[in-house]
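Enquirer: Predicted coordinates and the sequence they were generated for:
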Amino acid sequence: MKRNRLRRFRHENPARFISSLVLVGFLGLLGAISTPMSGQAPTQSDPEKQVELLTQTMTRTQVQLEESQHQLEEMRRQIAELKQQIADARAEANASSTARQLTKQVDEIREEQVMQQVQIAAHDQSKVETESKYPVKITGLLLLNGFVNTRKVDIAATPTVALPGSGNTGATVKQTILGIDARGPHILGAGSHADVRVDFDGSSSPSGASGGGYNGDLVRLRTAHAALDWDHTELFFSYDHPIVSPYTPDSLAAVSTPAMAWSGNLWTWNPQIGVTQDIGLPAREKLQVQLALIDVQDPPALYTSSAISTPVTNTLPGTAEQSRWPGVEARVALLEAGMKKAAQFGVGGFYSPHSAYGTRWNAWAATLDYRQPLPARLEFSGSFYRGQSLGGLGGGAFKDYLFQSTASIPGESYFQVLDDVGGWAQLKQRASQRLEFNAAFGVDNVPAGQLRPFAGTPTAIYQNLARNRSFTGNVIFSPSAYTLFSLEYRRLASSPVIGQTAPVDIIGFAAGYKF
């Protein structure tokens, strides 16, 4: 029976049987060696007993091996379960994070849909039509502004320069805007459109001489555009800010005179005619090239001490017009195609011949502008410029040049074209579709060394002005597509070439209704 068991074990487990034979041989060798040493004579039953003993030992060993194998398999199973639990926990955490992100995105989409539905409902209303039957849309912003100026400023409702003296408080609706938008026929395969904007600040701002002019009327032309649009090309003429300065800081307190005007923002509205060409690039970017001719108006004639209260209306040809050559401006920008609020980076140049008092000179500027979306709904934007004779664009501290005749020598005069450097930067945070926060800083600077020989009396504020700085922080809330509210803090610091810097703190409140 033992032999049968041994044979069965050999056939069922050949590998284990070979291992057992090796073990038996090793033990037999030990037994053979130990037998002579013990001095006992071998008996006939010793091999059978040894085989039986080895068989029992192998059986026990086999049982232990099977138990060890079972324990290893159990450990592998437990490790696999732990790995699965870890993977499930990670997947659950990722799913939870993804779910939160999706929930946030869905809320944003719903909020945007509500705004769009309101706007679509407004667009679906009947529109005004002209005799040509092409639709015309009347738009506007009825705007009430309240202000508190802690010290004296040049214009109480729309200050741009701080002056020595006591402050004032008031309110105005003159920054209200009316507009007309029109779309016309297709011409040469291009769509046509035009728009015009007016406000009611025509006779209240000295800066209007370079951004609409003093016409003695309350209504003032702000901007106007007309264009032919192809797929990648636009021909246009406009009365608007220069193409080399495409952005303006956001504000509801500074509308008739834009935010950072005369503090780093080249904002003035001038006649222009030009072309825009979009060039597709690999990926999602495109290159936008703009070229235009511009008729640069003169800055306000504010070189006398009485200019603040009695601004001068100059109906004579401007210094750029007297040169008999138009100005030229160009801008090249890299931007993401098909995205309205995408990143943009542009460089530009401006050149315009001028002539006055028998002297010819050139106004010029090199510009840089940018807009960069950031995480957490942030956006960083701004503009920078360096040039000469930039008063007609809204820089140069209200001046292109300084002129002074000498009383000692008749016919002799001194003439100085002014250099200029400046810019602005804004950080925006869109908390939601209805709420945004803005903080901006701007500066415009003319070298004091160029101004000092022409310094006038302390009351000649604009003539003496060398540096103008502005800081603005505001919150704009739009509870619906039609209503706007804003609270703004602004600080102006104006530095004359003689005398001390005049600072002023301005608190403004705005309530608007869009239609």
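Expert: Ah, there it is.

Enquirer: all contacts plus neighbour counts: C-alpha atoms, from now on.
Expert: OK.

Enquirer: care to break this protein down by domain?
Expert: With domains defined by automatic domain parsing, the chain comprises 1-29+50-125, 126-514.

Enquirer: how about a markdown table for those, with mean pLDDT added?
Expert: Output for the domains of the chain, formatted as a markdown table (pLDDT from 0 to 100):
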| stretch | mean pLDDT |
| --- | --- |
| domain 1-29+50-125 | 68 |
| domain 126-514 | 88 |
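
Enquirer: deepest of the ones you listed, which one?
Expert: Highest mean neighbour count of these: domain 126-514, a mean of 19 (counted as mean count of other CA atoms under 10 Å).

Enquirer: Okay, and residue 383 sits in which element?
Expert: Using DSSP states H and E, residue 383 falls within strand 378-388.

Enquirer: One more: residue 142?
Expert: Applying DSSP H and E as the criterion places residue 142 in strand 135-153.

Enquirer: who does that strand touch, helix- and strand-wise?
Expert: When contacts are defined as 3 or more CA pairs under 8 Å, 6 or more residues apart in numbering; DSSP states H and E, strand 135-153 packs onto strand 128-129, strand 162-172, strand 177-183, strand 502-514.

Enquirer: Show me the longest helix that occurs in the protein.
Expert: helix 46-123 (DSSP state H).

Enquirer: How far off centre is it?
Expert: From the chain centre to the centre of helix 46-123 is a distance of 45 Å (CA atoms, centre = their mean, to the nearest Å).

Enquirer: what inclination does that helix have with respect to strand 135-153?
Expert: If you take axes from the mean of the first three to the mean of the last three CA atoms, to 10 degrees, helix 46-123 sits at 90 degrees to strand 135-153.

Enquirer: And the strand holding residue 142, how far out from the chain middle?
Expert: 24 Å.

Enquirer: Please identify which of the helices and strands packed on strand 135-153 is closest to residue 200.
Expert: For those, the distance to residue 200 is smallest for strand 177-183, at 7.5 Å, taking CA to CA.

Enquirer: Please name every helix or strand in contact with that closest one.
Expert: strand 135-153, strand 191-199.

Enquirer: Redo the helices and strands packed on strand 135-153 as TSV? Include distance to residue 135.
Expert: Putting these into TSV (distance: least, CA to CA, whole Å) gives the following:
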stretch	distance to residue 135
strand 128-129	5
strand 162-172	33
strand 177-183	6
strand 502-514	19
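
Enquirer: What separation do you get for residue 101 and residue 94?
Expert: 10 Å (CA to CA, to the nearest Å).

Enquirer: I should have written residue 263 there, sorry.
Expert: 49 Å.

Enquirer: do residue 190 as well
Expert: Residue 190 sits at a distance of 50 Å from residue 94 (criterion: CA to CA).

Enquirer: same thing with residue 233?
Expert: When residue 233 is compared with residue 94 (using CA to CA), they lie 46 Å apart.

Enquirer: Ok, residue 456 next?
Expert: Taking CA to CA, one finds residue 456 at 70 Å from residue 94.

Enquirer: And for residue 493?
Expert: 52 Å.

Enquirer: residue contacts, residue 319?
Expert: With contact set as CA atoms under 8 Å, 6 or more residues apart in numbering, residue 319 has these partners: 297, 298, 354, 355, 356.

Enquirer: My read is that residue 491 contacts residue 503, right?
Expert: Yes. Residue 491 lies in contact with residue 503 (CA atoms under 8 Å); the separation is 7.1 Å.

Enquirer: who does residue 347 bridge with?
Expert: residue 332, residue 368 (DSSP bridges).

Enquirer: wouldn't it be in contact with residue 365 here?
Expert: No. The pair residue 347 and residue 365 does not pass the contact test of CA under 8 Å, sitting 10.8 Å apart.

Enquirer: returning to what we had before: now the strand holding residue 383, how far from the chain's geometric center?
Expert: 11 Å.

Enquirer: In its sheet, which strands sit next to that strand, and in what direction?
Expert: strand 359-374 (antiparallel), strand 419-430 (antiparallel).

Enquirer: So residue 379 sits against residue 425, correct?
Expert: No. Applying CA under 8 Å, one finds residue 379 not in contact with residue 425, separated by 10.6 Å.

Enquirer: can you pull the contacts of residue 189?
Expert: Residue 189 neighbours (CA under 8 Å, 6+ apart): residue 230.

Enquirer: how much space between it and residue 195?
Expert: Distance, residue 189 to residue 195, by CA to CA: 20 Å.

Enquirer: Ok, which of the helices and strands packed on strand 135-153 comes nearest residue 391?
Expert: Of all the helices and strands packed on strand 135-153, it is strand 162-172 that lies closest to residue 391, at 18.2 Å by CA to CA.

Enquirer: strand partners of that closest one, parallel vs antiparallel please.
Expert: strand 135-153 (antiparallel).

Enquirer: quick one: the strands in the stretch 351-500 of the chain?
Expert: Assigned by DSSP state E, counting those that start in this stretch, the stretch 351-500 of the chain shows strands spanning 359-374, 378-388, 401-405, 413-417, 419-430, 435-445, 465-477, 483-496.

Enquirer: Rebuild these as CSV, extending it with distance to residue 140.
Expert: Listed next are the strands of the stretch 351-500 of the chain as CSV, based on distance: least, CA to CA, whole Å:
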stretch, distance to residue 140
strand 359-374, 27
strand 378-388, 26
strand 401-405, 38
strand 413-417, 40
strand 419-430, 24
strand 435-445, 21
strand 465-477, 18
strand 483-496, 12
